[in-house]
Each structure stands twice: as structure tokens, then as C-alpha cells.
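Engineer: Sequence plus predicted model, see below.
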Amino acid sequence: MTRAALPERTALLQSVVVALAISVVAVVGGLLVGSRIIVFDGVYGIIGLSLTWLALRASRAVESGPSERYPFGREALTPFAIVLQGVAMLDTLLIAALDAIVLILDGGSDVAPLSVVLYGAFSAVASTIFATHLLRRAGGSELVRVEGLQWRAGAVRNAVMVAGAVVAVLIATTDAGALVRYLDPVLVLIAVAMLAPLPIRFLRSGVYELLEGAPPSAVQQQVMAGVDAVRDRHALGEPYVRMSKLGRKLYLQIDIVVEPGTWTVDGQDVVRRELLDALAPLGYELWASIDLTTDRSLAD
């Protein structure tokens, strides 16, 4: 196991434990007080547990490295797991939204707003603390970063839950107190609307990596800075650089056109080694092809 994989797995396991505890409290407590929004929060957390387990499995498979069957490794499992997270989250949100709409059409339901306030406040604080913890430890791990973003979204969702319940408590003391019956389904719809952009974002980023898209602009800038530094040192021509990112793996194809008879194999090796050393601080597993060629058509 590499040093990068150990903290990734530790963080994901911690997420499983904390999410399980909060989800059990939510489902049991929500059923006892008859609150759909609390039950929804718990069910959403349980689905998140299964997805975190999937992320752990993906992390282990990726860490096993290349094999005879998978000579380039299985880094594609990382974005694939993120895509599955997005699909599962969208399905959950759709089911919750439809249930809330049916409940509104049926005239709402009785629920104690104070119970929603208490649970929402507890979950919001816990989610904020844990989201901060995960995002600080994410490093170059896409899986941990996604997990942290889910916890942060949960914290915002719970804060809105608290705000809505407080408003309901105030409304209950007025002539419009009957509207409190719609508190639960309306809060579910608000939560769905707030959460919807997150799985869409996961789907877009996961599919983008599976299609071998270019890495983030910050990574591209660091790569080009390293290439330019080595090129200037050896008075080399303009490089042709292609790159893509797949999980923790960064693929690079760097071709530089040189004049015939000016470079030996030993000299090319010096350039290759300097480029690899310059790119090592990026923190990715580099799969780099660095070639000096006298034929421009081979670089195009």
C-alpha cells in the first residue's frame, strides 16, 4: 500500500463509521416522531454509506496496481465510482421529491417542528466538523474530496432544515398554523433542490475523466512550468504536450522537435530525468512518455 492510499482508506472508513451513527439516529428518530425529512436524511446517509463502501473497494482495486489482465492498472474505477455515486444520489432525490409532492397533494402531515430543529442542529454541527476534517485530508484523493463535499452538502441541508422548522414553530402560533402540516414535504423539496447540483457535478466530472479529459488548469500550468524550465535549460524548441488525468494517475505525452545529429540517447535520458524530477511534486502517479524527435510529423 502506498502512502497516498493509506490516508485515503482511513478517511473513507472514518466516514462510514460517522455516517452510520448519524443515519441510524435519523431513521429511528424520524420514524418515532413521524418526520419524513428526518427519515429522508437518514436514508440518504445510508445510501451514502453504500457508496462510500464502493469507493473503498475502488480504492483497494486501484491500489493493487497493474497486473497481467490490467497492464495499465484500474485507475478508471475512481471516476467510475464517482459516476455511480452521482446516479444513486439523483435516483434518491427523485424518489424523495415525488413522495413529498404526493404528501402535499394529500394535505400534508402532522410533525413536531421542535424535533426537526433538534435533529437538524445536531446533524449540521456534526456534518460541518467532519466535512472540514475530510477536505483537509483529501490531498490528491478524488474519492475523499467527493466524500467531503457530500458531508458539506449535508451540513447545509441540515441548516436549512433547522431554519425551516424554526419558521414553522413561529407560524404555529399564528392564524396560519395549519400550514405547519406542509412543513415536512416542503423541507424535503428544498433539500432535494439544494442537493441536485452535487450529483450532477459528480456525473460531469466522472464522465469527463472516463473520456480522458485534460486535467484541471492548475495541474496543466504546473506541468507546463516544469517543461518550460527544462526546455530553457537545454535550449530546446517548442514542446508538444498532451495530458489527461485518471484518478491519481497523470498521463503525459511530451514531444520536442530537435535538429538532426544534435542529441544522443544519453542526452535525451538527461532531459527525461529532469522532466520527471520537475513533475514529481505534482503528487500524481506519472505515466509519462517524453521523446526528442527530428521528425515533426511524429510530434503532431
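Structural biologist: Thanks, I have the structure now.

Engineer: can you give me the strands in the stretch 101-250 of the chain?
Structural biologist: 239-246, 249-257 (DSSP state E, counting those that start in this stretch).

Engineer: Pairing partners for the longest one, with directions?
Structural biologist: Right, the one you point to is strand 249-257. Paired neighbours of strand 249-257 in the sheet (DSSP bridges): strand 239-246 (antiparallel), strand 285-293 (parallel).

Engineer: Convert the C-alpha atoms of the shortest one to CSV, please.
Structural biologist: By that I understand strand 239-246. This file holds the C-alpha atoms of strand 239-246, laid out as CSV (Å, rounded to 0.1, in the frame of the first residue of the first chain):
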residue,chain,number,x,y,z
PRO,A,239,7.2,21.2,-27.0
TYR,A,240,4.1,19.4,-28.0
VAL,A,241,2.4,18.4,-24.7
ARG,A,242,-0.7,16.2,-24.3
MET,A,243,-2.0,15.3,-20.9
SER,A,244,-5.0,13.6,-19.2
LYS,A,245,-5.9,12.6,-15.6
LEU,A,246,-7.5,9.4,-14.5
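
Engineer: buried set for that strand?
Structural biologist: P239, Y240, V241, M243, S244, K245, L246 (16 or more other Cβ atoms under 10 Å). No exception for glycine: its C-beta is placed from N, CA and C like everyone else's.

Engineer: now the strands paired with strand 249-257 as JSON lines including distance to A19 and mean pLDDT?
Structural biologist: Below are the strands paired with strand 249-257 laid out as JSON lines (distance: least, Cβ to Cβ, whole Å; pLDDT from 0 to 100):
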{"stretch": "strand 239-246", "distance to A19": "27", "mean pLDDT": "87"}
{"stretch": "strand 285-293", "distance to A19": "29", "mean pLDDT": "82"}
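
Engineer: A172 is nearest to which of these?
Structural biologist: strand 239-246 (52.3 Å; Cβ to Cβ).

Engineer: Show me what the lowest-mean-pLDDT helix or strand in the chain is packed against.
Structural biologist: Sorting the helices and strands of the chain by mean pLDDT, DSSP states H and E puts helix 296-299 at the bottom, at a mean of 75. With contacts defined as 3 or more Cβ pairs under 8 Å, 6 or more residues apart in numbering; DSSP states H and E, helix 296-299 has these neighbours: strand 249-257, strand 285-293.

Engineer: that older thread, which one of the buried residues of strand 239-246 is nearest to G139?
Structural biologist: Distances from G139 to those, taken by Cβ to Cβ, are shortest for K245, at 14.6 Å.

Engineer: What number of residues are in the vicinity of the closest residue to the closest one other than its chain neighbours?
Structural biologist: Spatial nearest neighbour of K245, excluding adjacent residues (Cβ to Cβ, 6 or more residues apart in numbering): P215 at 3.8 Å. Counted with other Cβ atoms under 10 Å, the neighbours of P215 add up to 19.

Engineer: what does stretch 157-170 contact?
Structural biologist: 37, 41, 113-114, 116-117, 119-121, 123-124, 127, 179-180, 183, 186-187, 190-191, 194-195 (Cβ atoms under 8 Å, 6 or more residues apart in numbering).

Engineer: and it, average pLDDT?
Structural biologist: Stretch 157-170 shows a mean pLDDT of 81.

Engineer: ditto for stretch 98-105
Structural biologist: The average pLDDT within stretch 98-105 is 84.

Engineer: buried residues in it?
Structural biologist: Buried residues in stretch 98-105 (16+ other Cβ under 10 Å): D99, A100, L103, I104.

Engineer: With stretch 179-199 instead?
Structural biologist: Result for stretch 179-199 [16+ other Cβ under 10 Å]: buried residues 180-192, 195, 198-199.

Engineer: What of stretch 29-49?
Structural biologist: 29-30, 33, 35-48.

Engineer: can you check stretch 257-277 too?
Structural biologist: V257, V258, W263, Q268, V271, R272, E274, L275.

Engineer: just checking, the fifth one is part of a helix?
Structural biologist: Right, the one you point to is V271. Yes. Per DSSP: H, G, I helix; E, B strand; the rest coil, V271 lies within a helix segment.

Engineer: Now do the contacts for it.
Structural biologist: Here V271 is in contact with V230, H234, L236, I256, I290, L292 (criterion: Cβ under 8 Å, 6+ apart).

Engineer: same deal with Y44?
Structural biologist: Taking Cβ under 8 Å, 6+ apart, one finds M89, T92, A96, G154, L195 in contact with Y44.

Engineer: For stretch 130-146, which outside residues touch it?
Structural biologist: 4, 7-8, 11-12, 14-15, 18, 55, 58-59, 78-79, 81-82, 85, 147-149, 151-152, 154-155, 202, 247-248, 283-284.
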